[in-house]
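Undergrad: Build me a structure from this.
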Amino acid sequence: MANTILRLPAVKTRTGLSRSTIYLRVSEGTFPRPVSLGARAVGWLEAEIEAWLSALVQRSRKLTDENSPDALSRRASTSSGT
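TA: Okay, the predicted model is just below:
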């Protein structure tokens, strides 16, 4: 598998994040770090961006599933002892 490099405009398009948010999350350790392409150029590995997006979707769906009406009613019935 080729290691495709994405430049910042492509990363912004794929993630929907702004430049400042991308770099903030990189500094927080919650977003893939860029790789140096030269003295003033960086890029991100496409596979790492895709993995980050997949993990984001999984976390989002898990939270959504945990807060669904069925899940809330199941929690309410188990906590009330019925």
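Undergrad: From now on I want contacts and neighbour counts done on CA atoms only, so please keep to that.
TA: Will do.
Undergrad: host element of Ala2?
TA: Take DSSP states H and E as the rule and Ala2 turns out to sit in neither a helix nor a strand.
Undergrad: Give me the distance between it and Leu45.
TA: 10 Å (CA to CA, to the nearest Å).
Undergrad: Tell me where the model's unsure across this protein.
TA: Applying pLDDT under 70 to the chain flags the ranges 1, 66-76, 79-82.
Undergrad: longest helix of the chain?
TA: helix 46-66 (DSSP state H).
Undergrad: follow-up on the earlier one: higher neighbour count, Ala2 and Leu45?
TA: Per other CA atoms under 10 Å, whichever of Ala2 and Leu45 has more neighbours is Leu45, with 18 against 7.
Undergrad: Let me see the contact set for the nearest residue to that one once chain neighbours are set aside.
TA: Distances taken as CA to CA, 6 or more residues apart in numbering put Ile5 closest to Leu45, at 4.8 Å, once the chain neighbours are dropped. For Ile5, the contacting residues are Gly43, Trp44, Leu45, Glu46, by CA atoms under 8 Å, 6 or more residues apart in numbering.
Undergrad: most surrounded residue in the residues you listed?
TA: Result: Trp44 is most packed of the contacts of Ile5 (other CA under 10 Å), 21 neighbours.
Undergrad: Tell me if that residue really is in a strand.
TA: Yes: using DSSP: H, G, I helix; E, B strand; the rest coil, the assignment for Trp44 is a strand.
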